[in-house]
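**Q** quick one, what's the 3D model for this:
(2 chains)
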Amino acid sequence: MYAEQPSFAAIAERHLDDVHAYLVYLTADHSLAEDLAVETFERALRRWKRFDPRRGGARTWLCQLARSAALDHFRAEERRRRREDRYAVTELREVPPPSFGEGLSVELEHALAELSRAEREVVALRVVLELDGETAARVLGISPTACSTRLSRAMQKLEQKVSADAVA
Amino acid sequence: MRSPELALELRAARPAPSPELRERVLAVATAAPRGGPRLSLPSLRRVSLAAAAAVLVVAVGGALVHGLTHSGDRIEPVRANPSGGGAILENVPSAATILPRRADAVPTTPSRLQQYGATLRVQVKDRDELSDATKRAMRVARLLGGYVAQVRYSAPRSGVGSAAIVVRVPVDRVQDAIEEYSGLGTLLAQKVSITDVTKQVQEQAKEIARLRKELARLVSDGVTAAERPQLEALRARLDYLTKRRAATVRRAELAKVSLGLTTKRKAAAAPASRFDGTMSDARDVLVREAEILLYALIVAGPFLILGICAAVLARAHRRRLDERLLGRSA
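**A** Next comes the predicted model:
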């Protein structure tokens, strides 16, 4: 039964776009998203034997791993920032402007950049990747209702910000 | 701009991975073995459930095995205990059904003079049966040509009733008496003793013959005044030996059978079967295991609760930190 499952390489090739898009929205940084995507597939490779398709699809599993990798990165960044604050290290780092995709309007880019990571990730999962509410909620570790509420608020914010930018 | 239009634009401008990223990921992926996951390791929940089921099976199975190996029908073996000058056989069965009655009674030897004694303990159902069995035992003694030497009967309203009967029956009918008494109820115990007195009687006969010969010689020669005390002593001795020999022979002709009758105790109405014994032992083991488990829980419980609380708190703290990190825009 397991022999009919596709190989890990096939899975990786099929879902790379989704994982990358999700990470771009979550981090708002293309370069970081690429590094985290590689990290995600390395983790997936290490845990490939433990993957059980009956407990969820490969895309859900990979998105969960991607989220875990991103959170680990955010925590490490947070620790580094605290350490630097403690020792009064002031390093001016060049932060690239957030970019979420080729062809997005400037207003929408700005609006997305102003959303929180949690709001952007629900937009990525539900709108960009077109996951259903239950699957997206499983990736986020919240209830489907909470996921739906979060998406609604995020889209409302986006509408408001885009409209405000357009008027300005 | 409305949400559907935003969604359309977001989907249309979906970020695509660069060719470099695709190469890097494929390089990682091609290091994977061919084929899908052949064996998925069981989850912690499944392992815990399996372990709990295994512990339960071992606990119950162990209790049953212990019950099977340690519960018997509790029948003490039949043993022979020779003591004194006679042979004694004692049987202590738990049920009459396993005791072949006729085989237990030691047969008499008609050519020898033997003092035969038998003691039987028989259990009857209730006071009515006790009364009937006592009457029947007395009647059997008389029918066999013997007599009842002693009877003691006690049948209180509550408690155990009992009767003790001592009968004397001709030794050649003692087998019939034992068989009859064994059939009065459930045979609990049987004891038979045989003392051979043939040699003793023969020696007494020789001594009597010698004394008679000496008396005849004194009387025929004429008894002087000096010999009169000796003559009286010989006669007294002859008289004593004659009576003693007669008593020995009489005792050898009549066997003494002691019969003890008791009613059943309510609590011990029926001997426990092997199945009941097994279940009882298994229950004891399970109770013991439950006690040990309870003790372990009492000892380890506080630490277990502290550990669970610590894990829950750590998880909640981590979740709050994650929410704070995800609450930022960049």
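
**Q** find the closest residue to chain A in the stretch 101-250 of chain B.
**A** residue B:186 (65.0 Å; C-beta to the nearest C-beta). For every residue, glycine as well, the C-beta is placed using N, CA and C.

**Q** assess the claim that that residue and residue B:129 are in contact.
**A** No: using C-beta atoms under 8 Å, residue B:186 makes no contact with residue B:129, being 10.6 Å away.

**Q** can you list residues touching both of these two?
**A** Common contacts of residue B:186 and residue B:129, defined by C-beta atoms under 8 Å, 6 or more residues apart in numbering or on different chains, are absent altogether.

**Q** name the residues linked to residue B:196 by a beta bridge.
**A** For residue B:196, the beta-bridge partners are residue B:114 (DSSP bridges).

**Q** that one and residue B:114 touch, don't they?
**A** Yes: the pair residue B:196 / residue B:114 is scored as a contact, 5.2 Å apart, by C-beta under 8 Å.

**Q** for these two, indicate the residue with more neighbours.
**A** residue B:114 (22 against 16; other C-beta atoms under 10 Å in any protein chain shown).

**Q** distance-wise, check that one relative to residue B:205.
**A** Here the criterion is C-beta to C-beta, to the nearest Å. By it, residue B:114 lies 17 Å from residue B:205.

**Q** and for residue A:28?
**A** Applying C-beta to C-beta to residue A:28 and residue B:205 gives a distance of 132 Å.

**Q** between those two, which is the more surrounded one?
**A** A direct count of neighbours by other C-beta under 10 Å for residue A:28 and residue B:205 places residue A:28 higher, at 23 against 14.

**Q** could I get the pLDDT score of that one?
**A** The per-residue pLDDT reported for residue A:28 equals 89.

**Q** for the one 10 residues further on, same thing?
**A** In the prediction, the pLDDT value recorded for residue A:38 is 94.

**Q** that one should be in a helix, yeah?
**A** Yes: under DSSP: H, G, I helix; E, B strand; the rest coil, residue A:38 falls within a helix.

**Q** that one: what's it in contact with?
**A** B:21, B:24, B:25, B:28.

**Q** what ranges do the strands span in the stretch 151-300 of chain B?
**A** Ranges of strands in the stretch 151-300 of chain B, per DSSP state E, counting those that start in this stretch, are B:162-170, B:186-196, B:254-263.

**Q** now the second one - C-alpha only, PDB.
**A** I take that to be strand B:186-196. Provided in PDB are the C-alpha atoms of strand B:186-196 (Å, rounded to 0.1, in the frame of the first residue of the first chain):
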ATOM      1  CA  THR B 186     -19.700 -37.900  52.900                       C
ATOM      2  CA  LEU B 187     -16.700 -39.700  54.300                       C
ATOM      3  CA  LEU B 188     -14.300 -37.200  55.700                       C
ATOM      4  CA  ALA B 189     -11.700 -39.500  57.300                       C
ATOM      5  CA  GLN B 190     -11.100 -43.100  58.000                       C
ATOM      6  CA  LYS B 191      -8.600 -44.800  60.300                       C
ATOM      7  CA  VAL B 192      -8.100 -48.500  60.700                       C
ATOM      8  CA  SER B 193      -5.800 -50.200  63.200                       C
ATOM      9  CA  ILE B 194      -5.000 -53.900  63.500                       C
ATOM     10  CA  THR B 195      -3.000 -55.500  66.300                       C
ATOM     11  CA  ASP B 196      -2.000 -59.100  66.000                       C
END
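
**Q** buried residues of it, list them for me.
**A** B:186, B:187, B:188, B:190, B:191, B:192, B:193, B:194, B:195, B:196 (16 or more other C-beta atoms under 10 Å in any protein chain shown).

**Q** which other helices and strands does it contact?
**A** strand B:87-91, helix B:101-104, strand B:114-124, helix B:174-182 (3 or more C-beta pairs under 8 Å, 6 or more residues apart in numbering or on different chains; DSSP states H and E).

**Q** quick check: mean pLDDT across the second one?
**A** When pLDDT is averaged over helix B:101-104, the result is 44.

**Q** likewise the first one?
**A** Within the predicted structure, the mean pLDDT of strand B:87-91 is 42.

**Q** quick revisit: mean pLDDT added to the strands of the stretch 151-300 of chain B, as a markdown table?
**A** Listed next are the strands of the stretch 151-300 of chain B as a markdown table, based on pLDDT from 0 to 100:
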| stretch | mean pLDDT |
| --- | --- |
| strand B:162-170 | 90 |
| strand B:186-196 | 87 |
| strand B:254-263 | 90 |
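
**Q** with respect to residue A:80, which of the ones you listed lies nearest?
**A** Closest of the strands of the stretch 151-300 of chain B to residue A:80 is strand B:186-196, at 90.2 Å (criterion: C-beta to C-beta).

**Q** from the middle of its chain, how far away would that closest one be?
**A** In terms of C-alpha atoms, centre = their mean, to the nearest Å, the centre of strand B:186-196 is found 22 Å from the chain centre.

**Q** stretch B:299-317 now?
**A** 50 Å.

**Q** again, but for stretch B:58-71
**A** On C-alpha atoms, centre = their mean, the centre of stretch B:58-71 falls 17 Å from the chain's centre.

**Q** give the buried residues for that stretch.
**A** B:59, B:63, B:64, B:66, B:67, B:71.

**Q** state the phi and psi torsions of the first one.
**A** If I follow you right, that is residue B:59. phi -60, psi -50 (degrees, to the nearest 10).

**Q** in a strand, residue A:61, correct?
**A** No: applying three-state DSSP, one finds residue A:61 to be helix, outside a strand.

**Q** quickly find the element holding residue 25.
**A** With no chain named, the answer covers chain A. helix A:8-27 (DSSP states H and E).

**Q** right idea, wrong chain: chain B
**A** Going by DSSP H and E, residue B:25 is in helix B:19-29.

**Q** ok, is that helix in contact with chain A or not?
**A** Yes: using C-beta under 8 Å from any C-beta of the partner chain, helix B:19-29 reaches chain A at B:20, B:21, B:22, B:24, B:25, B:26, B:28, B:29.

**Q** list the helices and strands that helix packs on?
**A** Using 3+ C-beta pairs under 8 Å, 6+ apart, helix B:19-29 sits against helix A:8-27, helix A:30-46.

**Q** residue ranges with poor pLDDT in chain A?
**A** A:1-5, A:88-98, A:166-168 (pLDDT under 70).
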